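*Asks:* dropping a prediction and its sequence here:
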Amino acid sequence: GENVEQHPSTLSVQEGDSAVIKCTYSDSASNYFPWYKQELGKRPQLIIDIRSNVGEKKDQRIAVTLNKTAKHFSLHITETQPEDSAVYFCAASIQGAQKLVFGQGTRLTINP
Amino acid sequence: DTEVTQTPKHLVMGMTNKKSLKCEQHMGHRAMYWYKQKAKKPPELMFVYSYEKLSINESVPSRFSPECPNSSLLNLHLHALQPEDSALYLCASSRGQGKTEQPQHFGDGTRLSIL
């Protein structure tokens, strides 16, 4: 079955700097890759997703890149703000499988 | 605003109790999910309902019994739970099966404690 590895497990950056979180997946059939942000005590919130027919997607300060050949995808957050502090989960899914396989999460801390 | 509503927000129960978790969505989604999330871990899929039919059961113990009464509601019936079942139980929904995988939207969860 699919396996998703996420790095780093913790990340601390200065406010205004960029943050990058990386994930690799094992099943080449996976073709949908969402990213979720989960603040303490709250629900996972979808922040961006990408499908395998696209190499990059951007939404304001957030971008995701996908390298199908290497089977890895990354989340990029620019101009970080204190409210970006949270746990971020990547996930992968095979089309139609309705089964998200999550990475272990990255705790991002933005230092003022 | 949360478009997937879960009740109760917190639940404390003994190992011999029977209780139910409820989930509701009014987005017209035809796929609904139950996840279990332990502290500092990712959500772990338990069940998937697609068009009100159980399509995925991730080998969950029978003390967890899902039910989908209609396209908007999803229940999780609990009986004879163990202390290790204490966790955050998340419900999610998505548009449903099709050629393209659709985003899953999560509710706020029920924090369950087993005494």
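*Replies:* Arrived safely, thanks for sending. Numbering: from 1, shown residues only, chains lettered A, B, ... in the order given.
*Asks:* which residue packs closest to residue A:90, ignoring adjacent ones?
*Replies:* Distances taken as CB to CB, 6 or more residues apart in numbering or on different chains place residue A:23 nearest to residue A:90, at 3.8 Å, with adjacent residues excluded. No exception for glycine: its C-beta is placed from N, CA and C like everyone else's.
*Asks:* wait, doesn't the one you found sit right on residue A:6?
*Replies:* Yes: assessed by CB atoms under 8 Å, residue A:23 is found in contact with residue A:6 at 4.8 Å.
*Asks:* what is the three-state secondary structure of the residue most central in space within chain B?
*Replies:* For chain B, the residue sitting closest to the mean C-alpha position, by CA atoms, centre = their mean, is residue B:34 at 2.7 Å. At residue B:34 the chain is in strand, as set by DSSP: H, G, I helix; E, B strand; the rest coil.
*Asks:* surely it touches residue B:43?
*Replies:* No: using CB under 8 Å, residue B:34 is not in contact with residue B:43; the gap is 9.7 Å.
*Asks:* overlap in contacts, these two.
*Replies:* residue B:90 (CB atoms under 8 Å, 6 or more residues apart in numbering or on different chains).
*Asks:* tell me which of residue A:23 and residue A:6 has more neighbours.
*Replies:* More crowded of residue A:23 and residue A:6, by other CB atoms under 10 Å in any protein chain shown: residue A:23, with 26 against 20.
*Asks:* check the gap between the more buried one and residue B:103 for me.
*Replies:* Distance of residue A:23 to residue B:103, computed by CB to CB, to the nearest Å: 17 Å.
*Asks:* same question for residue A:77.
*Replies:* Counting by CB to CB - residue A:77 and residue B:103 are separated by 19 Å.
*Asks:* which one of these two is surrounded by more residues?
*Replies:* Neighbours were counted for residue A:77 and for residue B:103 using other CB under 10 Å; residue A:77 has more, 24 against 15.
*Asks:* which positions in the helix or strand of chain B with the lowest mean pLDDT come out as buried?
*Replies:* Ranked by mean pLDDT, DSSP states H and E, the helix or strand of chain B with the weakest confidence is strand B:53-57, at a mean of 91. Buried residues in strand B:53-57, counted by 16 or more other CB atoms under 10 Å in any protein chain shown: residue B:56.
*Asks:* then stretch A:33-43?
*Replies:* Neighbour-count burial for stretch A:33-43 [16+ other CB under 10 Å]: A:33, A:34, A:35, A:36, A:37, A:38, A:43.
*Asks:* contacting residues for the fifth one?
*Replies:* Translated: residue A:37. Residue A:37 neighbours (CB under 8 Å, 6+ apart): A:44, A:45, A:47, A:86, A:87, A:88.
*Asks:* switch the cut-off to 7 Å
*Replies:* A:45, A:47, A:86, A:88 (CB atoms under 7 Å, 6 or more residues apart in numbering or on different chains).
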